[in-house]
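> What follows is a predicted protein model with its sequence.
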Amino acid sequence: MSHPSGVRQEVFGSMPDGREARIFTLRNHNGLKARVTEYGAILVSMETPDQAGNPADITHGFDTLEGWLNNPPYLGATIGRFGNRIANGKFTLDGREYTLATNNEPGGIPCHLHGGVRGFDKALWRGRPTADNGVEFTRVSLDGEEGYPGNLTVKVTYTLTDDNELKWEAVATTDAQTVVNIVHHTYWNLSGDPATSINDHELMLAAEAYLPTDAGMIPTGEIAPVAGTPMDFTTPHAIGERVEADFEALKLGGGYDHCWVLENGRGVRFAARVKDPKSGRVMEIFTDQPGIQFYGANFLDGSVTGKGGVKYARRSALCLETEGFPDAPNKPNFPSCVLRPGQTYRHTLIHKFSAG
Ligand code: GLA
């Protein structure tokens, strides 16, 4: 079924409880195609042309809803209420302590990851096409869901423009103070062949500093300069060039898995550029957020079988997760992630695709 806007919608499948999840297809005039589903407000696929004009899907994921229902690496997901990690699954707001699930244990040290056991990525959202070639997903995360305070009303919109931009925007309001960090988590392999490594992809980050972590992958609170380290992507570098360097942060993360501190600026500004030299595909990232987690899929190990039966190998994709800083609720020197009644949380993430 096609909406007047040109957005096509179909039933994707049924949830274990029988509710239907729809899938929406967005196309632009240059042959780009994005598919998004009500389950998890997930980006199911993104097709873009290479330098010869041949389109390919450049995201990891699954062919069916059943596949997406079991998605331990958070492929393509919209993550919340708080993306990334919170130390010990605890934080204090105005003198009251909140306890969240500790669903992750890097280095054997438990922490809260990506919103908990049933985060936003596992919720069934309500989707509807927008007038400008987009889909708007809404849901209410109830007070107490996964231990977070306050009823949070959330809207996530995907828009595909004729400037070859896939825009992802999150907006949220609350009726009680809470913490919010809604994060988009697509795994990209710009070659279009998800069985290849991203070691050849060249990355540039608009960041002079990053957040070192402890053994549990929780930021120490220090803001460290990248200059003179393998974390320096202020000029383009192949990801594989220094990933095995003898550098503490890379050892703790098993490779790149850190939050870079984006250059100061107001509003939406350039954050990252990644290029696959073989296909010529380029993706630029623009955001209004203070940080970007560059995760090199070090935890993928071939145990997840995705689209077309491909077993996703270590470092076969990269995530560029624009975000508030990890563990911000416990770090007074980090930009605040607290949302209070009357305030509006906003997050814009733009992916701009080209080839050449
Ligand atoms: C994020 C984290 C990684 C990992 C993945 C999910 O990107 O930074 O450490 O937990 O999510 O597998």
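Everything's here; your move. Numbers count the residues shown, from 1 in each chain.

> Identify all contacting residues around the strand or helix carrying A34.
If you go by DSSP states H and E, A34 is part of strand 33-37. Residues from elsewhere that reach strand 33-37 (CB atoms under 8 Å, 6 or more residues apart in numbering): 12, 21-27, 42-47, 55, 65, 68, 127, 135, 137, 158, 160, 166. Using the backbone N, CA and C atoms, a C-beta is placed for each residue, glycine as well.

> In strands only, show me these.
Using DSSP state E to define strands, the subset of those located there is 12, 21-27, 42-47, 55, 127, 135, 137, 158, 160, 166.

> which residues are in contact with the helix or strand containing C259?
Counting by DSSP H and E, the element that carries C259 is strand 257-262. For strand 257-262, contacts defined as CB under 8 Å, 6+ apart pick out 84, 205-213, 217, 219, 223, 226, 231, 233, 249, 269, 271, 287, 289-296, 298, 323, 325-326.

> From those, keep the buried residues only.
When these are checked for burial by 16 or more other CB atoms under 10 Å, the buried set is 84, 205-213, 217, 219, 226, 231, 233, 249, 271, 287, 289-296, 323, 325-326.

> Tell me the spacing between the residue lying closest to D276 once chain neighbours are set aside and A297.
Closest residue to D276 apart from its sequence neighbours, by CB to CB, 6 or more residues apart in numbering: L190 at 3.7 Å. As judged by CB to CB, to the nearest Å, L190 and A297 stand 13 Å apart.

> same check, this time on G265
Where A297 is concerned, G265 sits at a distance of 28 Å (CB to CB).

> can you list the residues of the stretch 1-150 of the chain near the ligand?
Within the stretch 1-150 of the chain, the positions adjacent to the ligand are 73-74, 113 by CB under 6 Å from any ligand atom.

> give me that answer again for 5 Å
P73 (CB under 5 Å from any ligand atom).

> Could you report the distance from C337 to the ligand?
According to CB to the nearest ligand atom, to the nearest Å, C337 and the ligand sit 16 Å apart.

> residues near that residue, how many?
Applying other CB atoms under 10 Å, we find 24 residues neighbouring C337.

> Repeat that for L26.
L26 has 24 neighbouring residues, counting by other CB under 10 Å.

> Nearest residue to it in space, please, no chain neighbours.
L160 (4.0 Å).

> these two touch, right, that neighbour and N133?
Yes: between L160 and N133 a contact is recorded at 5.4 Å, counting by CB atoms under 8 Å.

> Name the residues contacting each of the two.
Residues touching both L160 and N133 (CB under 8 Å, 6+ apart) are 26, 28.

> Show me the contact partners of stretch 85-93.
Residues outside stretch 85-93 that contact it (CB under 8 Å, 6+ apart): 97-102, 104, 110-113, 147, 149, 177-179, 216-218, 326-327, 329-330, 338.

> Need the buried ones from these selected in ChimeraX.
Buried subset of these, written as a ChimeraX selection, criterion 16+ other CB under 10 Å:
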select :98,100,101,102,104,111,112,113,147,149,178,179,216,217,218,326,327,329,330,338
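
> before we move on, back to that, against D200, how distant is the residue nearest to D276?
10 Å.

> Settle it for me: which of these two has more neighbours?
When L190 is set against D200 and neighbours are counted by other CB under 10 Å, the residue ahead is L190, at 27 against 16.

> returning to that earlier point: so for L190 and D200, which residues contact both of them?
D276.

> related to what we said a few turns ago, out of G265 and A297, which sits in the more crowded spot?
Between G265 and A297, counting by other CB under 10 Å, A297 is the more crowded of the two (25 against 13).

> pretty sure that one is touching C319, no?
Yes: at 7.0 Å, A297 and C319 qualify as touching, with contact defined as CB under 8 Å.

> Spell out which residues are contacts of both of these two.
Contact criterion CB under 8 Å, 6+ apart; residues shared by A297 and C319: Y187.

> closest point of the stretch 1-150 of the chain to the ligand, which residue?
P73 (4.5 Å; CB to the nearest ligand atom).

> what residues are up against that residue?
By CB under 8 Å, 6+ apart, P73 lies in contact with 60, 187, 297, 299-300, 304, 312.

> With R139 instead?
120, 123-126, 154.

> Name the residues of the worst-scoring helix or strand of the chain on mean pLDDT that are buried.
Across the helices and strands of the chain, the lowest-confidence element by mean pLDDT, DSSP states H and E is helix 248-253, at a mean of 96. Buried residues in helix 248-253, counting neighbours by 16+ other CB under 10 Å, are found at 249-250, 252-253.
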